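**Student:** Kindly generate the corresponding structure for this input.
(chains A, B, C and D)
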Number of protein chains: 2
Amino acid sequence: MSTRTSKPRRLSRRGDTRQILVDTALTMLDGDKSFDGLSLRELTREVGIVPTGFYRHFPDMDALGLALVDEAFRSLRKILEDVRQDTRSADRLVASVVKSLVRHIRAHRAGFAFIASERFGGSAVVRNAIRRELRLVQTELAVDLARLPYLKEWNTTDLHMIASLILNAMVASAIDILDVSARDREGETALMKRAEQHLRLILLGVPHWQSER
Amino acid sequence: MSTRTSKPRRLSRRGDTRQILVDTALTMLDGDKSFDGLSLRELTREVGIVPTGFYRHFPDMDALGLALVDEAFRSLRKILEDVRQDTRSADRLVASVVKSLVRHIRAHRAGFAFIASERFGGSAVVRNAIRRELRLVQTELAVDLARLPYLKEWNTTDLHMIASLILNAMVASAIDILDVSARDREGETALMKRAEQHLRLILLGVPHWQSER
DNA sequence: TGTACATCAGTGAACGCGCGTTCACTGATGTAC
DNA sequence: TGTACATCAGTGAACGCGCGTTCACTGATGTAC
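**Tutor:** As a prediction, the model looks like this:
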């Protein structure tokens, strides 16, 4: 056997430990722990390096927090992309949005849980970073909505209004689903149905909306 | 001067320290701190008693957490009561709901901030207590909605569906307002307007809803 | 009204523990020649 | 291809600190007589 593959690579992982720190932190936060309550020593213990090793990758916990925000939003953005490529009728669009949401939640549980809990969490740095990202997502959604035929007459203010209502409803649904998913597939289906109904009810009002009343 | 009023009551406050602990904790959490990251010693230091004094009032921090949930929901429930006594038309009801919401947020900032941040926070005990209370509030709202003339034909499932959509939208609005309020009165007005628009858009869809499609 | 006593909120010393951060170090990997 | 060297991820001892919790205590308040 060659020394290349047989030797355990205890030292000099050259670049992948940073990602392991991020992934491990997200996993650890997907339970009864908040970022505010996660200690550097706990994290490095879990990863398998000595506490001081942390400083090779991040100057402090705040910097790790920002990396977690980046990681978590990567998957949330994919949902928007999925939906963007779907040019079907409003009615089928609704089912498509919810399906995409659930698929990404299943694949990236920890990331969604992190956004949900740290959006109003104890670390100001993390909290503000999440809000900034959510505002960007809302703007992207408003732009996407403007392309829909039954919304092309709407002005920017109204588009942002409906984008925020939809985003809030979907974030709330996502969190409910997160909570129930995995251990209760039946409950998950019920919540998906409810999320679809929320979207439909919102869209039902759209044709009757009068701007600047 | 009588000894009754002149003497500093350093010892044996007989019953009010518990409430001071609750109020102080809520105030401390209305900033850059999560319940998970609040220490017993910090809290007692702020209140002005020795750390061990805490145990005279609560067996542990979890018990304090539950008391905080109780306190915080007391004011949220008052909003429902306010709105319940308002039997005006749907259109005026919307403005009334939002006004009541903003008034209670101003009066009980810390309580709302606590519910918002600990709803997905690190302490399982607190998190579950908050969710239980929110579910109760949702049910109460569904019952109230059933009394409205244009909703009296709706079945229970649909009423719960719309109740959860409204509650989610209002909680999201409350949190946005919390964040901006006090330091930006103009921003607050804009958010109030948006909250009203959200409610109106939801209600616009209601007459066109077809149950169990 | 006065007195003896139970109650109970608050005290302060003490404990062992996990924390973040410093520092000088080791030794494997990648690169320049 | 071989060698010398810079880079850099991980090490481990050490530090001072704030933490939750224990314990036996003090002394003011409220109550029974």
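**Student:** Going by C-alpha atoms from here, please, whenever you check contacts or count neighbours.
**Tutor:** Fine.
**Student:** ok and the residue in chain A nearest chain B?
**Tutor:** A:G205 (3.7 Å; CA to the nearest CA).
**Student:** these two touch, right, that residue and B:H198?
**Tutor:** No. Counting by CA atoms under 8 Å, A:G205 does not reach B:H198; the two are 10.4 Å apart.
**Student:** still on that earlier bit, assign the residue of chain A closest to chain B to helix, strand or coil.
**Tutor:** When classified by DSSP: H, G, I helix; E, B strand; the rest coil, A:G205 comes out as helix.
**Student:** Check the gap between the residue in chain A that DNA strand C sits nearest to and A:L76 for me.
**Tutor:** Nearest residue of chain A to DNA strand C (CA to the nearest atom of the strand) works out as A:S39 at 3.2 Å. Distance of A:S39 to A:L76, given as CA to CA, to the nearest Å: 26 Å.
**Student:** which of those two has more neighbours?
**Tutor:** The neighbour count for A:S39 versus A:L76, taken as other CA atoms under 10 Å in any protein chain shown, is higher for A:L76 (19 against 12).
**Student:** got a list of what the more buried one touches?
**Tutor:** Neighbour list for A:L76: A:H104, A:F112 [criterion: CA atoms under 8 Å, 6 or more residues apart in numbering or on different chains].
**Student:** 6 Å instead?
**Tutor:** Counting by CA atoms under 6 Å, 6 or more residues apart in numbering or on different chains, A:L76 touches no other residue.
**Student:** So it versus DNA strand D, what's the distance?
**Tutor:** Distance from A:L76 to DNA strand D, counting by CA to the nearest atom of the strand, to the nearest Å: 28 Å.
**Student:** Give me the local confidence score for that residue.
**Tutor:** If you check A:L76, the pLDDT there is 89.
**Student:** Report the buried residues of the strand or helix carrying it.
**Tutor:** Here A:L76 sits within helix A:61-84, counting by DSSP states H and E. Buried residues in helix A:61-84, defined by neighbour count with 16 or more other CA atoms under 10 Å in any protein chain shown: A:61-62, A:64-69, A:71-73, A:75-76, A:79-80, A:83.
**Student:** between A:G205 and B:H198, which one's more packed in?
**Tutor:** The neighbour count for A:G205 versus B:H198, taken as other CA under 10 Å, is higher for B:H198 (23 against 19).
**Student:** any idea of the pLDDT on A:P8?
**Tutor:** A:P8 is assigned a pLDDT of 34 by the prediction.
**Student:** which residues are contacting stretch A:149-165?
**Tutor:** Residues outside stretch A:149-165 that contact it (CA under 6 Å, 6+ apart): A:L141, A:A142, A:A146.
**Student:** Quick one: residues contacting the residue of chain A closest to chain B.
**Tutor:** A:G205 neighbours (CA under 6 Å, 6+ apart): B:L201, B:L204, B:G205.
**Student:** That one and DNA strand D, how far apart?
**Tutor:** Using CA to the nearest atom of the strand, A:G205 is found at 50 Å from DNA strand D.
**Student:** so what's that residue closest to, chain neighbours aside?
**Tutor:** Nearest residue to A:G205, sequence neighbours excluded (CA to CA, 6 or more residues apart in numbering or on different chains): B:G205, at 3.7 Å.
**Student:** that older thread, so does the next helix-or-strand element following the helix holding A:L76 get close to chain B?
**Tutor:** Helices and strands here follow DSSP H and E; after helix A:61-84, the next one along the chain is helix A:90-107. No. Applying CA under 6 Å from any CA of the partner chain, one finds helix A:90-107 out of contact with chain B, separated by at least 11.5 Å.
**Student:** elements contacting helix A:90-107?
**Tutor:** For helix A:90-107, there is no helix or strand it packs on, judged by 3 or more CA pairs under 6 Å, 6 or more residues apart in numbering or on different chains; DSSP states H and E.
**Student:** Helix A:61-84 and that one, what's the angle between them?
**Tutor:** Counting by axes from the mean of the first three to the mean of the last three CA atoms, to 10 degrees, helix A:90-107 points 150 degrees away from the direction of helix A:61-84.
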